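> sequence and predicted structure below; questions after.
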Amino acid sequence: MNQRMRQNNTIEVFFFLTRAGLFGRTEHADSLLSDDVDWMEVYQLAKEQSVIGLAAEGMERLQDEWLKTHGSALMPRQCSMRFIAYSLRLEKRNLAMNKFVAQLMGRLHKMDIHAFLIKGQGVAQNYTKPLWRTCGDVDLLLSEKDYEKAKDYLLPLASSSRSEITHKQHLGLIVGGWQVELHGSLRCGFSFRIDKELDKVCNETFYGGDVRYWTDGDVQIPLLGCENDVVYVFVHFLNHFYKEGVGIRQICDWCRLLWSFRDSLDLGKLESRLKSMGMMSEWKAFGMYAVEYLGMPEEAMPFYADDEKWKRKARRIHLFIMKTGNMGHNREGKKKNDSLLLKKMKATRRRCCDLANHLMIFPLDTFRFSPSIFLNGLRHE
């Protein structure tokens with residue numbers, strides 16, 4: 001079998017494990033018995049896409065079913081052990097992060113600072129095994145007043161900090177060894193219409209009482225309301241898609257949110273918000289991607305449209321993700337000795353290539369978003 005076919009088999013096995021972990025999809029498990037699967041590449045791909053825990057969960061589920069029906073192992077033991085060992089390390093890190101989040105939120109509450117946890121550990125609670133989701137930063141959403149108070153309180157406690165992006169009210173800090181991101185708004189900066197709706201999300205959260213809670217130990221941690229959380233996670237990964245590259249883990253987060261709230265989402269509110277943002281085309285394309293590649297049940301994907309148009313767009317999205325890697329990590333990296341001008345030139349070249357690709361998927365929106373994407377890129381690179 002040629003190298004290209006072998007690579008395709010390896011990629012398909014990776015997605016097979018991801019679907020099994022994400023939604024318990026185990027049909028056609030015998031395809032994993034192929035001799036042409038490079039299991040080390042499957043592991044590396046899962047690691048690159050930050051879904052090793054999810055793939056390990058799928059592997060565990062598949063192995064259990066296969067043993068019951070066939071009495072033999074479905075996958076190489078050495079590979080299985082590698083996935084499980086990594087997932088157990090993830091479990092320890094997640095437990096430590098959850099403890100830190102609870103302590104941090106408790107301390108902020110005592111200082112009369114009201115913060116909402118966005119993305120990250122809050123979204124993780126929608127997975128079957130929350131502790132096996134790869135954790136990242138601790139992102140906190142605050143009102144304008146509380147953002148300033150949180151800044152004043154946490155800066156003296158931080159071991160380091162990044163330059164503040166003042167117009168977005170965004171500050172990154174290292175507190176107790178963890179990356180903490182303070183957000184005074186949810187704005188993404190590539191569309192006025194989108195930012196206007198995200199401001200409404202903030203107002204509904206701060207002043208409208210559209211909040212839900214995750215109890216971490218004995219600490220109640222405020223999260224965005226269901227529909228607003230779904231919209232924000234969607235817009236957040238779309239922001240990465242247009243600007244640098246999106247990872248499968250981010251799309252999986254969106255899928256698990258939709259799956260968890262499939263019987264309670266206010267679809268009227270969700271549709272109204274997406275149309276106000278001008279995001280319905282992107283929603284349907286990524287919805288098709290979730291169904292075709294990640295095993296999302298069609299009935300759980302709002303506004304799903306079974307049309308060849310969306311399948312073509314989903315295939316192009318798939319090729320872009322596979323080419324660029326998680327958050328664009330397959331690209332030529334920034335070098336420490338690069339000048340500021342060279343960094344900006346490289347970033348501009350990447351964006352030009354990406355936008356040329358995206359024109360084939362979302363032509364009108366790519367044209368509409370391009371000026372803001374380049375302007376913001378020049379300001380922040």
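Structure received.
> only C-alpha atoms from now on, for both contacts and neighbour counts.
Fine.
> tell me the secondary structure for Pro222?
Secondary structure assignment for Pro222 (DSSP: H, G, I helix; E, B strand; the rest coil): strand.
> so what sits opposite the closest residue to Leu117 other than its chain neighbours in the bridge?
Among residues not flanking Leu117 along the chain, Leu140 sits closest, at 4.8 Å (CA to CA, 6 or more residues apart in numbering). Partner residues in beta bridges with Leu140: Leu117, Leu182, with DSSP bridges as the criterion.
> and for Leu140, the neighbour number?
Other residues near Leu140 come to 23 when the count uses other CA atoms under 10 Å.
> that one: what's it in contact with?
Counting by CA atoms under 8 Å, 6 or more residues apart in numbering, Leu140 makes contact with 115-118, 180-183.
> pLDDT, distance to Asp146 and neighbour count added to these, as TSV?
As requested, these are exported to TSV (pLDDT from 0 to 100; distance: CA to CA, whole Å; neighbours: other CA atoms under 10 Å):
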residue	pLDDT	distance to Asp146	neighbour count
Ala115	97	8	25
Phe116	98	11	22
Leu117	97	14	22
Ile118	97	15	20
Val180	97	15	22
Glu181	97	14	18
Leu182	98	10	23
His183	97	10	23
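> which among the residues you listed gets closest to Ile194?
Within the contacts of Leu140, distances to Ile194 taken as CA to CA reach their minimum at His183, with 16.6 Å.
> ok, that closest one touching Leu141?
Yes - A contact is recorded between His183 and Leu141 when judged using CA atoms under 8 Å, the distance being 4.8 Å.
> mutual contacts of the two, please.
Residues touching both His183 and Leu141 (CA under 8 Å, 6+ apart): Tyr147.
> give me the nearest residue to the residue most central in space within the chain, chain neighbours excluded.
If you average the C-alpha coordinates of the chain and look for the closest C-alpha using CA atoms, centre = their mean, you land on Gln250, 1.7 Å from that point. If the residues on either side of it in the chain are set aside, Gln250 comes closest to Phe237, at 6.1 Å by CA to CA, 6+ apart.
> that neighbour in helix, strand or coil?
Phe237 - assigned by three-state DSSP - is helix.
> just confirm it contacts Lys243, I think it does.
No - contact between Phe237 and Lys243 fails when scored by CA under 8 Å: they sit 9.8 Å apart.
> quick one: which of those two has more around it?
Comparing Phe237 with Lys243 by other CA under 10 Å, the one with more neighbours is Lys243, at 24 against 21.
> about what we covered before: do you know how far the residue nearest to Gln250 is from His114?
Using CA to CA, to the nearest Å, Phe237 is found at 25 Å from His114.
> just Phe362 next, same as before
With distances defined as CA to CA, the gap from Phe362 to His114 amounts to 38 Å.
> for those two, indicate the residue with more neighbours.
Using other CA under 10 Å as the criterion, Phe362 and His114 rank with His114 on top: 20 against 16.
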